[in-house]
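In: fold the following.
(2 chains)
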Number of protein chains: 2
Amino acid sequence: MRPESLRHDSLASRLMSAEEAAQLIRPGAVVGLSGFTRAGDAKAVPAALARRAEKEELRLTLATGASLGHGTDGALARSGALARRYPFQVDPEMRRAINAGEILYLDHHLSETADLIRAGHLRPPEVAIIEAVAVHGHGIVPTTSVGNSAAFLQHASSVIVELNAAQSPALEGVHDIATPAAWGARLPIGILEPADRIGLPYLPLDPRNIVAIVPTDLPDSPATVEAPDATTGAIAGHLLEFLAREVRQGRLTEALAPLQAGIGSVANAVLSGFAQGPFTQLTMFSEVLQDSTFDLMDAGRLLFASASSITLGQRQDVLRDFGRYRSRVVLRPQEITNAAEVLRRLGVLALNSALEVDIYGNVNSTHVNGSAMLNGIGGSGDFARNARLSVFVTPSTAKGGALSCIVPMASHVDHGAQDLDVLVTEQGLADLRGLAPRERAEVIIANCMHPAFRPLARDYFRAACRRGGHAPHLLEEALSWHLRAQRTGSMLPPAQRLAG
Amino acid sequence: MRPESLRHDSLASRLMSAEEAAQLIRPGAVVGLSGFTRAGDAKAVPAALARRAEKEELRLTLATGASLGHGTDGALARSGALARRYPFQVDPEMRRAINAGEILYLDHHLSETADLIRAGHLRPPEVAIIEAVAVHGHGIVPTTSVGNSAAFLQHASSVIVELNAAQSPALEGVHDIATPAAWGARLPIGILEPADRIGLPYLPLDPRNIVAIVPTDLPDSPATVEAPDATTGAIAGHLLEFLAREVRQGRLTEALAPLQAGIGSVANAVLSGFAQGPFTQLTMFSEVLQDSTFDLMDAGRLLFASASSITLGQRQDVLRDFGRYRSRVVLRPQEITNAAEVLRRLGVLALNSALEVDIYGNVNSTHVNGSAMLNGIGGSGDFARNARLSVFVTPSTAKGGALSCIVPMASHVDHGAQDLDVLVTEQGLADLRGLAPRERAEVIIANCMHPAFRPLARDYFRAACRRGGHAPHLLEEALSWHLRAQRTGSMLPPAQRLAG
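Out: Numbers count the residues shown, from 1 in each chain, chains lettered A, B, ... in the order given. Sure thing, here's the model as predicted:
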């Protein structure tokens, strides 16, 4: 612990180990954790809770901003510490427990968790565990994410602070903490452009609520973004070409619109591509800032970036020398970064990944074969619904070409066709704006679907059109591609696999 | 035409018949019409366009606020006048043409049409046909709805005004017209409570854009709301009991929250029920004001109502003596009544109808058997997504009990499970707040499903849980209820029909 990080005298008495702090939490409690896209997550006390759960039934409800690093979700799932989890996770062991029905999972729009607690729809957290770079008499300075921490602190009667010496003290000042008032007294969110600040540079908190301060010294888990490959490169290429055309045709300026990009390799490839295109004076209004954000700043293309977290992979240097970037970055609560109000006002350009998309443009972001949770809807719905231009990207196939990511009917729908303006695969781009469902199907099949699946899709679509409807389907065959893959491992019929 | 309704001298020369005005529209044009939930719709010129289309190919694109009265959509569909239609309709002949693929239909969230035009995603209307009670040098005073008229007038180079002597002159002053600025210069929408006014009492317009003024004298088509029956009465009863409990438990006050109610008999039954409950000082922030709105004002329960239209059935007296209500009503553009920003700020209590709902709470509002368009998504997505409390209602069965409105998997999804907090049928109420999918299924089947279908649903759900998943499904059986009904007319297997 840096000596200057604990600035309120009375708190020194509350210094303790993670094990001791974990003992302060009663079985059955709702616990709210800092942490968003593996950044700024509480690390030591959750790990101690997992160890405690090996010996004792805890049945905790775990709430976070979004995903955690350090295998925390996995350790908690493995130890049986949790009864419930919300609003997002990306951990394989947590996923297994959720799909086995062992842990009950609430898959929220990330903008909504805080209001669900305020509305009384969820039992509020009684304990909050928040990672900080400093604690002072008015509150705590968070680290690389804000997430739901401000909302958790409004409700938690007991607060555990993990004071992490491995986080850059230069993060102080980068946060902008404001939360909506109760309904009836709620004012507009005063953000008119991405750089606007409307709140405090710390999480406000009565220090008397702090029951434990746990010194830690662990960096965030690095992002595990895969290197660009031919597929992600082609997707990025199609999209950048489309955006350049939008600029030429006057629908967007060279500054485009405030950018949101979901996490992952495609988003990183697209953002990296902005360094080459005709685009200048870009801004971001996103959930998470990744390596590419800082690459674009270094390239002089990106003026400012607002998000709820900083999640780095190769670019660990960013936080080692954060002073270079601090004036161009702000970190906000996720109910602000993802606020429908702000997204519609700014006219965000949203870029999100799909798991599967149907021929009419309904998007599945979450459920494999309609049943098994992958990660969660995250912020994709917040951004896709409220964006000025909503782009979804996906490779056209998965499992080495055996599965088409474009299917007749999505096995689960997170985003209706209204929330998808442009679909991009490595095959090409479908500009769906202003198109009716039957037109959408033609364009999606022709431009985005892998050629191996197109004849099958056209057969389905034509037969469905003969039967009729606005978005014609043959219900008896609508899910047949999924069923074939469950039986045979491939969505293609055996004959066509041989032919291919 | 009342002499005082045409207040700009130069416009007298533009008086003409509907037939003459209809001749000013070129084939292939995009035409924007006033009209929302059968209220304030342009009536004479669209009818003349339908007659013109009997002799001439027009292939128009027709944009409106929402549904039209007077069989206008049907006449236009029958005459072959239209190539495209958006964003909403409720007409049987239009529906037939849409489902036959003869008219291409864009089914928008009603908040979004205006921004889709501004973003350049849709070709803007070149002609607007707007019903008015008066025209003056600064603009036109609309009648019983606002809809998308303000946005259409921002784009249309030619404006046709239908000056309707049958509409109450007392409507002047009830409108509040404000539209969002272009992105980059867009400010917060300054509505902090339902009664707040932020704009002008007329649709601003350069009178030089007016190419025709057509005097008319036709009242709006009356609403065709069915009388309350045992089913709608039971649904209203369950919901009112739930809301009274929310008040007792302190999650809502007796003023509840600004109310939104979709159109229809259930909404009317629920609103009427507020006259008996413990509820006082209610407000509405909705799309449409129906008979029940004015009944509640008369009963002293409703203080103020904001919407985009007034659609009356039995209560035609309201407009005959509108002075009684004018200070307690405001009519706004639908991009304001349905604005995500305002809905989340106010914390609206949203009440919408579902066509079918699956056991996990995914809602189909639009597509019969996943294919055939019924009406459109309307504002249900705007309200359900952004509400403080989102309620969907549906009878548990349709077609005399042959179809269950609760199904294993919805054949189309307009609203993901996140957007449904409470589901109500005549069987009972499912409070889904804070529940994971497997818990939701138990409660929906037990509380909302018709008893005849429960054993079948439980068999499905249990078998799916054995296979696993977060929201477990058996894809090979997920749509089997729909398929059985397509084959046999009933979702119940023959044996169980005999038993029932």
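In: C-alpha from now on. contacts and neighbour counts both.
Out: Noted.
In: by contact count, what packs against the top helix by length along chain A?
Out: Longest helix of chain A, by residue count under DSSP state H: helix A:230-248. Judged by 3 or more C-alpha pairs under 8 Å, 6 or more residues apart in numbering or on different chains; DSSP states H and E, helix A:230-248 is in contact with helix A:265-273, strand A:422-425, strand A:428-431.
In: how about the second one as CSV, C-alpha atoms only?
Out: Listed in CSV are the C-alpha atoms of strand A:422-425, where the atom choice follows Å, rounded to 0.1, in the frame of the first residue of the first chain:
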residue,chain,number,x,y,z
VAL,A,422,-25.8,-3.0,-40.8
LEU,A,423,-24.6,-6.6,-40.6
VAL,A,424,-21.0,-7.5,-41.5
THR,A,425,-19.3,-10.9,-41.9
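In: same question for it, mean pLDDT?
Out: Mean pLDDT, strand A:422-425: 98.
In: got it, and stretch A:141-161?
Out: What stretch A:141-161 shows for mean pLDDT is 98.
In: one more: stretch A:473-480?
Out: The pLDDT scores in stretch A:473-480 average 98.
In: what's the answer for stretch A:178-193, then?
Out: The average of the pLDDT scores along stretch A:178-193 is 96.
In: near chain B, which residues of the stretch 1-150 of chain A?
Out: Contact residues, the stretch 1-150 of chain A versus chain B (C-alpha under 8 Å from any C-alpha of the partner chain): A:98-101, A:104-109, A:115, A:119-122.
In: so the most centrally placed residue in chain A: helix, strand or coil?
Out: The C-alpha lying nearest the average C-alpha coordinate of chain A belongs to A:Gly378 (C-alpha atoms, centre = their mean; 4.6 Å). Secondary structure for A:Gly378, judged by DSSP: H, G, I helix; E, B strand; the rest coil, is coil.
In: does it really touch A:His109, like I thought?
Out: Yes: counting by C-alpha atoms under 8 Å, A:Gly378 does reach A:His109; the two are 5.6 Å apart.
In: need the residues touching each of these two.
Out: Taking C-alpha atoms under 8 Å, 6 or more residues apart in numbering or on different chains as the contact rule, the neighbours common to A:Gly378 and A:His109 are A:Pro87.
In: what mean pLDDT does the helix or strand following the longest helix of chain A get?
Out: The C-terminal neighbour of helix A:230-248 among helices and strands, as given by DSSP states H and E, is strand A:259-261. The pLDDT scores in strand A:259-261 average 96.
In: what's the spacing between A:Arg125 and chain B?
Out: You called it Arg, but residue A:125 is Pro. In this structure, A:Pro125 and chain B are 13 Å apart, going by C-alpha to the nearest C-alpha, to the nearest Å.
In: that residue contacts A:Ala150, correct?
Out: No: using C-alpha under 8 Å, A:Pro125 is not in contact with A:Ala150, being 11.8 Å away.
In: returning to that earlier point: just the buried residues out of the residues of the stretch 1-150 of chain A next to chain B, in PyMOL syntax.
Out: Burial among these is assessed by 16 or more other C-alpha atoms under 10 Å in any protein chain shown; the matching PyMOL selection reads:
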select buried, chain A and resi 98+99+100+101+104+105+106+107+108+109+115+119+121+122
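In: just give me the closest of the residues of the stretch 1-150 of chain A next to chain B to chain B.
Out: A:Asn99 (4.0 Å; C-alpha to the nearest C-alpha).
In: residue contacts, that closest one?
Out: For A:Asn99, the contact set (C-alpha under 8 Å, 6+ apart) comprises A:Ala372, A:Met373, B:Gly468, B:Gly469, B:His470.
In: pLDDT value on it, please?
Out: For A:Asn99, the model assigns a pLDDT of 98.
In: go on, A:Ala499?
Out: pLDDT, A:Ala499: 50.
In: over to A:Phe88?
Out: 98.
In: neighbours of it, how many?
Out: When neighbours are defined as other C-alpha atoms under 10 Å in any protein chain shown, A:Phe88 has 25 of them.
In: again with A:Gly65
Out: Applying other C-alpha under 10 Å, we find 36 residues neighbouring A:Gly65.
In: for A:Gln290, see how far away it is.
Out: 17 Å (C-alpha to C-alpha, to the nearest Å).
In: now do A:Gly300
Out: Look at A:Gly300 and A:Gln290: by C-alpha to C-alpha, they are 16 Å apart.
In: list the residues that contact the residue lying closest to A:Pro125 once chain neighbours are set aside.
Out: For A:Pro125, ignoring the flanking residues on the chain, the nearest one in space by C-alpha to C-alpha, 6 or more residues apart in numbering or on different chains is A:Val30 at 4.6 Å. A:Val30 sits next to A:Leu60, A:Thr61, A:Leu62, A:Ala63, A:Arg123, A:Pro124, A:Pro125, A:Glu126, A:Val127 when contact means C-alpha under 8 Å, 6+ apart.
In: now, of those, which are buried?
Out: Burial by neighbour count, judged by 16+ other C-alpha under 10 Å, picks out A:Leu60, A:Thr61, A:Leu62, A:Ala63, A:Pro124, A:Pro125, A:Glu126, A:Val127 from those.
In: so the first one touches A:Leu82, yeah?
Out: Yes: the pair formed by A:Leu60 and A:Leu82 meets the contact definition of C-alpha under 8 Å, at 4.6 Å.
In: A:Gly300 and A:Gln290: which has the busier surroundings?
Out: For A:Gly300 and A:Gln290, the more surrounded residue by other C-alpha under 10 Å is A:Gln290, and the numbers stand at 24 against 13.
In: which ones are touching the more buried one?
Out: Each residue near A:Gln290 by C-alpha under 8 Å, 6+ apart is listed here: A:Ile263, A:Asn268, A:Ile310, A:Thr311, A:Leu312, A:Gly313.
In: 10 Å instead?
Out: A:223, A:225, A:261-264, A:267-268, A:271, A:309-315 (C-alpha atoms under 10 Å, 6 or more residues apart in numbering or on different chains).
In: check the gap between it and chain B for me.
Out: For A:Gln290, the distance to chain B equals 25 Å [C-alpha to the nearest C-alpha].
In: check A:Gly376 too.
Out: Distance from A:Gly376 to chain B, counting by C-alpha to the nearest C-alpha: 11 Å.
In: how about A:His121, secondary structure?
Out: Secondary structure, three-state DSSP: A:His121 is coil.
In: phi and psi next, for the residue in the stretch 201-350 of chain A positioned nearest to chain B.
Out: Using C-alpha to the nearest C-alpha, the single residue of the stretch 201-350 of chain A nearest to chain B is A:Glu341, 4.0 Å away. A:Glu341 adopts backbone torsions of phi -60, psi -50, taken as degrees, to the nearest 10.
In: and the closest residue to it other than its chain neighbours, how many neighbours?
Out: Nearest residue to A:Glu341 in three dimensions, chain neighbours excluded: B:Glu341, at 4.0 Å (C-alpha to C-alpha, 6+ apart). Other residues near B:Glu341 number 25, with proximity taken as other C-alpha under 10 Å.
In: next up, the contacts around B:Glu341.
Out: B:Glu341 makes contact with A:188-189, A:339-345, A:386, B:188-191, B:386 under the criterion C-alpha under 10 Å, 6+ apart.
In: give me the buried subset of those.
Out: Neighbour counting by 16+ other C-alpha under 10 Å classes A:188-189, A:339-345, A:386, B:188-189, B:191, B:386 among the contacts of B:Glu341 as buried.
In: which member of those is positioned nearest B:Arg78?
Out: Among these, A:Asn386 lies closest to B:Arg78 (C-alpha to C-alpha), at 35.9 Å.
In: could you export the helices and strands packed on helix A:230-248 as JSON lines, including mean neighbour count and distance to A:Ala170?
Out: Shown next, in JSON lines, are the helices and strands packed on helix A:230-248 (neighbours: other C-alpha atoms under 10 Å in any protein chain shown; distance: least, C-alpha to C-alpha, whole Å):
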{"stretch": "helix A:265-273", "mean neighbour count": "22", "distance to A:Ala170": "25"}
{"stretch": "strand A:422-425", "mean neighbour count": "26", "distance to A:Ala170": "38"}
{"stretch": "strand A:428-431", "mean neighbour count": "22", "distance to A:Ala170": "42"}
